[in-house]
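Participant: Turn this into a model:
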Amino acid sequence: MTYQSVVNMISGKRLSYCLLAGAIRFFLMNSEFQKIISDRVEVSTALNSWKRVTEGVYLRNSGIDPYAGDLFHETPLILLAFTYMHKYLSIWAIKLLFVLADLLTSWLLYLTAKHYVIELAKNEHEEIKERKNEEISYTPIESTAKTTILYVPAAYLFNPYIVLNCVGLTTTVFTNLLFAATLYSMIKRWKISCCILISFLTLQGLYQISLMVPATIYIVKDINVKSSIIKTTITMISLFIGIIGSLLYLSYLIMGNWNFIGNTIGFILTVPDLRPNIGLYWYFFTEMFEHFRWLFIASFQINVGLLYIVPLALRLRKDPMLLAFTYLAIGAIFKSYPSIGDVGFYVALLPLWQHLFQHMQQVFVFGCFGLFCTVFAPTVWHQWIYSRSANANFYFGATLAFATAQIFLLTDILFASVKRELALKHGLSWEVNGNKAKVLLE
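Facilitator: Next comes the predicted model:
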């Protein structure tokens with residue numbers, strides 16, 4: 001079966017999935033649950049709250065600088081876009097726009113999955129030709145191609161985290177759209193598109209600057225001349241610096257001052273708002289002595305922003321998409337103000353590595369932890385805030401367990417990648433003293 005026939009076979013299913021997913025989102029948006037969902041700390045944070053966006057737009061329309069206080073933390077470009085949305089679109093049209101953005105994200109993920117599977121299958125055939133061991137001890141890419149292409153957009157459309165994120169009208173919906181467009185641009189080797197999209201993401205969330213690494217690897221991947229690789233890399237870096245510099249200057253022209261830097265990038269780095277969320281910062285810095293604060297802020301930010309970039313890039317340079325996934329997961333786990341929308345996006349990418357599932361060992365652990373924490377966190381929140389029969393330790397315990405589960409998932413898929421690479425080269429079964437044995441990486 002050719003890849004084209006596979007694509008044609010699943011097109012009808014995708015359309016029905018999109019219609020169903022869109023209907024679910026639009027129904028919940030116009031139900032009594034919408035306000036409850038939008039107020040949840042797991043869904044809305046200081047960076048993506050719809051309520052803060054509307055207040056920022058109101059302040060700007062009233063001639064007040066939204067960045068003068070500690071209320072609005074979106075970029076001036078986002079502020080300008082939402083100003084026009086509030087001016088020319090009704091609330092129904094705005095809700096429909098959020099739904100369409102989610103559907104467009106799923107479409108871009110579908111295209112990314114299709115190209116990525118074809119690329120993986122091609123690379124696998126080349127590696128098999130060099131392999132002497134005829135025993136098959138891995139799942140061939142072609143055997144999972146059809147389901148991978150279908151599961152990736154479905155995992156996004158029907159992911160409860162993503163559905164709640166859309167219903168809550170968080171700006172993470174549009175961030176995820178930019179993420180999907182970036183991944184698609186990477187796999188298509190579009191230099192300018194990658195730099196523009198990553199510049200927008202960096203200006204909005206800072207940690208996304210790490211995506212320049214897999215993007216650059218994708219661009220130089222097919223270049224064999226060392227001088228050309230260096231030249232292309234310098235070109236990518238120059239493009240990125242030029243574009244993000246232009247966006248910063250454009251933001252200055254929109255606002256007339258540089259106050260927005262302290263309330264966007266500065267807000268992410270210094271973590272002044274310690275309202276609870278699913279992250280790890282709020283509780284830790286609430287309990288921290290003030291004279292240790294900057295030391296641990298630096299430690300936390302280095303952990304999420306710098307520590308893993310080079311080692312992971314060296315290890316995963318042959319699979320830039322897995323590298324990008326890893327950076328996205330690390331950001332969603334350790335960033336200053338995470339939400340379930342961030343988690344839902346990278347979890348939806350997991351079917352891309354369906355061929356690694358047979359080598360994974362922690363899926364059950366992550367599934368149980370994720371389900372338990374998703375249900376338990378709102379419960380202990382109610383006990384803490386409303387019933388007053390619990391305290392902050394209970395809620396932080398749930399968020400800490402959730403972060404731990406995500407770390408288990410990420411490390412498990414990275415170990416699975418190493419195991420499969422070993423299987424392609426040598427097979428995972430040998431005879432030791434005449435008895436069959438298996439190699440397990442722990």
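
Participant: use CA for all of it now, contacts and neighbours both
Facilitator: Will do.

Participant: Could you list the low-pLDDT ranges of this protein?
Facilitator: Scanning the chain for pLDDT under 70 picks out the ranges 1-12, 126-140, 143, 426-442.

Participant: the longest helix in it is where?
Facilitator: As assigned by DSSP state H, the longest helix anywhere in the chain is helix 91-129.

Participant: which outside residues touch the helix or strand just after that helix?
Facilitator: Heading C-terminal from helix 91-129, the first helix or strand you meet, by DSSP states H and E, is helix 141-157. Contact with helix 141-157 is made by 6-7, 10, 14, 17-18, 21, 102-103, 106-107, 109-110, 113-114, 117, 120-121, 124, 162-163, 344-345, 347-355, as judged by C-alpha atoms under 8 Å, 6 or more residues apart in numbering.

Participant: Show me what counts as buried in the helix or strand just after helix 141-157.
Facilitator: Tracing the chain C-terminally past helix 141-157 and defining elements by DSSP H and E, one meets helix 160-167 next. Within helix 160-167, the residues scored as buried using 16 or more other C-alpha atoms under 10 Å are 161-167.

Participant: quick one: which of the residues you listed is nearest I187?
Facilitator: Nearest to I187 among the buried residues of helix 160-167: I162, at 23.4 Å, using C-alpha to C-alpha.

Participant: got a list of what the closest one touches?
Facilitator: Residues near I162 by C-alpha under 8 Å, 6+ apart: 156, 340-341, 344-345.

Participant: mind redoing it with 7 Å?
Facilitator: With contact taken as C-alpha atoms under 7 Å, 6 or more residues apart in numbering, I162 is in contact with 156, 341, 344.

Participant: got CSV for those residues, with neighbour count and distance to L269 too?
Facilitator: Formatted as CSV, those follow (neighbours: other C-alpha atoms under 10 Å; distance: C-alpha to C-alpha, whole Å):
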residue, neighbour count, distance to L269
Y156, 26, 29
G341, 28, 20
G344, 22, 23
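
Participant: and of those, the nearest to A390?
Facilitator: Closest approach to A390 among the contacts of I162 (C-alpha to C-alpha): G341, at 26.6 Å.

Participant: In contact with that closest one, which residues?
Facilitator: Shown in contact with G341 (C-alpha under 7 Å, 6+ apart): 43, 161-162, 165, 172.

Participant: Please identify which helix or strand holds T170.
Facilitator: Assigned by DSSP H and E, T170 falls within no helix or strand.

Participant: burial of it, as a residue count?
Facilitator: For T170, the count of nearby residues is 25 (other C-alpha atoms under 10 Å).

Participant: Ok, the one 4 residues further on next?
Facilitator: A total of 18 residues lie near F174 under the criterion other C-alpha under 10 Å.

Participant: and the gap between L323 and A423?
Facilitator: Going from L323 to A423 by C-alpha to C-alpha, to the nearest Å gives 20 Å.

Participant: same thing with Q362?
Facilitator: Distance of Q362 to A423, given as C-alpha to C-alpha: 19 Å.

Participant: Compare the two and say which is more crowded by neighbours.
Facilitator: Shown here are Q362 and A423; by other C-alpha under 10 Å, A423 has more neighbours (20 against 15).

Participant: list the buried ones in the helix or strand where the more buried one lies?
Facilitator: Per DSSP H and E, A423 falls inside helix 392-426. For helix 392-426, the neighbour count (16+ other C-alpha under 10 Å) marks 394-410, 412-421, 423-424, 426 as buried.

Participant: Run through the neighbouring helices and strands of that helix.
Facilitator: Packing contacts for helix 392-426, counted by 3 or more C-alpha pairs under 7 Å, 6 or more residues apart in numbering; DSSP states H and E, involve helix 363-382.
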